[in-house]
Every structure is written in C-alpha cells, then in structure tokens.
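Visitor: Got a predicted model here, sequence first, then my questions.
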Amino acid sequence: MSVVEQRLAGLGLSLPPATRPVANYVGTKQSGDLLFVSGRVSLVRGEVGSEVSPAEAKIAARDTALLILAIVKQDIGDLDRITSVDHVRGFVRSAPSFIDQPQVIDGASDLLVEIFGERGRHARTATGVGQLPFGAAVQLDMILRISP
Amino acid sequence: MSVVEQRLAGLGLSLPPATRPVANYVGTKQSGDLLFVSGRVSLVRGEVGSEVSPAEAKIAARDTALLILAIVKQDIGDLDRITSVDHVRGFVRSAPSFIDQPQVIDGASDLLVEIFGERGRHARTATGVGQLPFGAAVQLDMILRISP
Amino acid sequence: MSVVEQRLAGLGLSLPPATRPVANYVGTKQSGDLLFVSGRVSLVRGEVGSEVSPAEAKIAARDTALLILAIVKQDIGDLDRITSVDHVRGFVRSAPSFIDQPQVIDGASDLLVEIFGERGRHARTATGVGQLPFGAAVQLDMILRISP
C-alpha cells in the first residue's frame, strides 16, 4: 500500500471507487511531467449557503478530492508517484450572499497537505459560481507533477 | 493541408477567420513546449437553458473550438504541431436551473477527439457561470503541448 | 531594485505588503520552471456593474496584480526572474447584465505588459461569476515561468 494510502487509512479515510468521465474526455491527461486532472463534482448537490451548509460543503470538497485521487491512482498506478500538487481550482455553487469559498475548499486542501506533506502544499483558487454540473455543491480540478 | 484540416474538411467543417484579442492580451502564449490559449467566447449570445437551447449551445462550443484552432494555426503555423490537447476549460452561461454543462462542452471535446485522435483526448472542466463577455453562451480556453 | 520595480516606480506605483493566504494553501508553488500563483481577490468589494463601476473595477484588477507581484517577490526574491507571464485568469463578480469583463481585467493586463514588456504579454481568460471570496469585485490567478 502506498504511503499516501497508509496516511489516508490513519485518518480513517479510504479511496472511493474511481468513476468514469460523464462525457467525451479523460479523467487525467499526462503531458511531460504534468498531470492535468479533469474537473469532478461532489456527490452533494445544492447551493452552498442556502441548501447546503458550509460545513457540509467542506466535507463535500474533501470527498471530491478523494474521488480525484482514486481516479489518479487508476491512471498512474501509485499515488506515491505524485511529487507535487501544483494547483487546485475549486468552484463553489454559492448562494448570492455566500462569500466563504476558501473555507469550503479547505476541505480539499487540508486533506492534500495531511497526506502528501510538503509536496501537497499547493497554489489554489476558490471561486463562487451560480451553477455546476448535476447541481453539485463543489467542483475541483488539479494540476499535479508526477515522477516517471 | 495539415492532417487535422483534412479531417475537418472530411467532417464538412473548416476554420473560420482568426480574430484578434479584444483587449490587451495575446491569442496564444508559448512557454517551453506548452501553448496557453486565451479564452474565447461563442458568437452565440444568451443564457443557456432559457434563451439558448442545450443543442444550440453544444454547436456554439464546437464553433468556439474551431475559432481557437484558427487562432492557434495563425500563431504556430501548422495544427499538426499539436502533440497533445492537455486541458480544456469550458464556461457555460447557465440559467439558474441548467445543470448539463458537460453535454454543452462536449461540442468542443467531440470535435477535438475526432480531428486529433488519441492526442486530442484531454482533461476537462465544465462549469456554469452567470455572465460572460459580450453576453456569450460559451467560453473556452485550452492548454496544448506542441512540437518545436 | 529590480528593473520591474523601477518601471513600477516610473508609473508612480509600488508593491503593497504581501499578504498571507487566508486558508491552507501557499501563495505560489514552483514546479519545474513554472510558478503557479494562487488566486487573490481585490480589496474592492461589491458587484461590478451595480455596486462597483467598471472603472473602479479596472483599478481593482490592477491593484490585485500588484498584490500578486508582491507575493511572488516574497517567494522568489526578485521579479526580474520572471521570464514569461504565461496565463492570467480573471473572474469578475458581475451584475446580471454586466458583460465587459475583458475591460476590467485589462487593468491587470495593461500593468503586466507595461512593466514586463514582451515577456509580460500573456494568454488570458476573463469570466463573469456571481460571487467571490469576501464579496470581492475581482479575482486573479496566474501561471508564470521563471529562471532558476
């Protein structure tokens, strides 16, 4: 078991089943040492700040990061090949007055730093939007660097 | 004529005239082997799910991808130099209840896979937003990898 | 003083104090020659096109670019190490009918081209969204290329 998955287990977490893209694209695309990871949405649906609480949305962001890691593992074989989490982009489906997108996306960022350590520290952008695929609460994509 | 343009012709499609950026930026920026392509919006205006149908928006996404390819050709000379479509980001100006952004952006993704084959398979994120430049229905940007 | 900061001074501008990320991420992440810069929001709050005028928002975009440069300087030591501004992504918190996002983000783009010259010319995407962290008017992130 990879070091990353051992740390996940230590947190009482595990990877969910990897799901396939819902449309004509791939889960990850490797280009040189970079791995571009497609956007994935949370299973939690609804508008954050009205239908979904910030605390629920933060957990949804964490779980979306876990889903992305499951997809990455499926594609590259071993999560320990990830040498750097370069950028995380998070969209939060936000009620008109909801302005705490960073706290929501911390659900993903906290997990990445906990399990990857220093190489998990990443640049990030958290943005509020009016709608997401399937009416999801949170959407994440990432750029990773991987070893050969 | 490039292989890519031959395939376009085989689909009954052709590149539109390349347009210039509307503000102080460039259509594409090469950095190492990566080509960062600026966001472009569809000629189709309106909110998808109310003023614009999903089927119209899907065609608008395809046509925006064609516009981007015209701009890329202008800048790098030959579309066959594209060795990988790394990431496509699509924003759909969405009515409050519209949640089928992936199906809209498939208009672009389907085209890229048809004309580039395996190297056209890409990571992707499709997101709903409330407004876009010029009131456009769709906006796309891309990261490509090109050969010297 | 770096050439870039001399040009800033020539415009009557200077770098603000670098602020720290508000959540669990880093201001910039270097990966190979690329520097991924986290999204930062303007100090100007409010919806552009209703509470904030386009002219005010354009200045807010410029000032957000200055803040990002301050953060980059803190992390890499010398802004003259920036060899290319690859991509700038701008989100504008937009009133429902506001469609001039490009003119707003030009506040950032104009500055980058003025102080970096040719290497400051960049690919760019300007998008309208319904909400941003802290209710800010503008959010920017960047991908830069830097020398060792």
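Guide: In hand now; what should we look at? Just so you know, these numbers come straight off a predicted model, no measurement behind them.
Visitor: what residues does chain A put near chain C?
Guide: Along chain A, the residues adjacent to chain C under the rule CB under 8 Å from any CB of the partner chain are A:33-34, A:84-88, A:94-103, A:105-106, A:109-110, A:113, A:121-130, A:143, A:145. For the C-beta atoms, the positions are set from N, CA and C on the backbone; glycine is no exception.
Visitor: from those residues, which ones fall inside strands?
Guide: If you go by DSSP state E, the residues of chain A next to chain C have A:34, A:84-88, A:123-129, A:143, A:145 in strands.
Visitor: A:A60 contacts A:S42, correct?
Guide: Yes: assessed by CB atoms under 8 Å, A:A60 is found in contact with A:S42 at 3.8 Å.
Visitor: The helix or strand that contains A:A65 near chain B at all?
Guide: Using DSSP states H and E, A:A65 maps to helix A:54-76. No: using CB under 8 Å from any CB, helix A:54-76 never reaches chain B; the gap is at least 10.3 Å.
Visitor: Return the list of helices and strands in contact with that helix.
Guide: The helices and strands touching helix A:54-76, judged by 3 or more CB pairs under 8 Å, 6 or more residues apart in numbering or on different chains; DSSP states H and E, are strand A:28-31, strand A:34-41, strand A:82-93, helix A:101-116, strand A:138-146.
Visitor: quick one: which of these is nearest chain B?
Guide: Closest to chain B of the helices and strands packed on helix A:54-76 is strand A:34-41 (CB to the nearest CB; 3.0 Å).
Visitor: so what's the one residue sitting closest to the centre of chain A up against?
Guide: For chain A, A:A65 is the residue whose C-alpha lies nearest the centre (CA atoms, centre = their mean; 2.7 Å). Applying CB atoms under 8 Å, 6 or more residues apart in numbering or on different chains, we find A:A65 in contact with A:G107, A:A108, A:L111, A:L112, A:L140.
Visitor: now do A:P148
Guide: A:P148 neighbours (CB under 8 Å, 6+ apart): A:D33.
Visitor: same thing but at 10 Å, please
Guide: If you count contacts by CB atoms under 10 Å, 6 or more residues apart in numbering or on different chains, A:P148 has them with A:D33, A:R81.
Visitor: Let's verify it: helix, strand, or coil?
Guide: When classified by DSSP: H, G, I helix; E, B strand; the rest coil, A:P148 comes out as coil.
Visitor: Let's verify A:A23: helix, strand, or coil?
Guide: Under three-state DSSP, A:A23 falls in the coil class.
Visitor: Tell me how many other residues crowd it.
Guide: A:A23 has 18 neighbours, counted by other CB atoms under 10 Å in any protein chain shown.
Visitor: That one contacts B:D106, doesn't it?
Guide: Yes: A:A23 lies in contact with B:D106 (CB atoms under 10 Å); the separation is 4.8 Å.
Visitor: if I look at those two, which residues touch both of them?
Guide: Common neighbours of A:A23 and B:D106, counting by CB under 10 Å, 6+ apart, are B:D100, B:R124, B:A126.
Visitor: JSON lines for the residues you listed, including pLDDT and neighbour count?
Guide: Listed next are those as JSON lines, based on pLDDT from 0 to 100; neighbours: other CB atoms under 10 Å in any protein chain shown:
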{"residue": "B:D100", "pLDDT": "98", "neighbour count": "22"}
{"residue": "B:R124", "pLDDT": "98", "neighbour count": "28"}
{"residue": "B:A126", "pLDDT": "98", "neighbour count": "30"}
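Visitor: quick one: which of those residues is nearest C:D80?
Guide: Minimum distance to C:D80 across the shared contacts of A:A23 and B:D106 is 35.9 Å, recorded for B:R124 (CB to CB).
Visitor: Might you report the residue contacts of the residue lying closest to the closest one once chain neighbours are set aside?
Guide: Of all residues not flanking B:R124 in the chain, A:Y25 sits nearest, at 3.9 Å (CB to CB, 6 or more residues apart in numbering or on different chains). Residues in contact with A:Y25 (CB under 10 Å, 6+ apart) are A:38-39, B:85, B:87-88, B:102, B:105-106, B:108-110, B:112-113, B:121-126.
Visitor: And A:S38, by the same measure?
Guide: Contacts of A:S38 by CB under 10 Å, 6+ apart are A:21-23, A:25-29, A:68, A:71, A:140-142, B:87-88, B:122-126.
Visitor: Skipping its backbone neighbours, what lies nearest it in space?
Guide: In space, and not counting its chain neighbours, A:S38 is closest to B:A123: 4.3 Å by CB to CB, 6+ apart.
Visitor: Quickly list what that neighbour is bridged to.
Guide: B:H87 (DSSP bridges).
Visitor: you'd agree it is up against A:L35?
Guide: Yes: the criterion here is CB under 10 Å, and B:A123 meets it with A:L35 at 8.4 Å.
Visitor: quick one: common contacting residues for those two?
Guide: Joint contacts of B:A123 and A:L35 (CB under 10 Å, 6+ apart) are A:T28, A:K29, A:M142, A:I143, B:D86.
Visitor: Do I have it right that the third one meets A:L67?
Guide: No: under the criterion of CB under 10 Å, A:M142 lies out of contact with A:L67, with a separation of 11.5 Å.
Visitor: quick one, what contacts A:A126?
Guide: Neighbour list for A:A126: A:61, A:88-92, A:100-106, A:108-109, A:138, A:140, C:22-23, C:25, C:38-39, C:41, C:132-133, C:139 [criterion: CB under 10 Å, 6+ apart].
Visitor: next one: A:K73
Guide: A:K73 makes contact with A:S2, A:V4, A:E5, A:L15, A:A18, A:L79, A:D80, A:R81, A:I82 under the criterion CB under 10 Å, 6+ apart.
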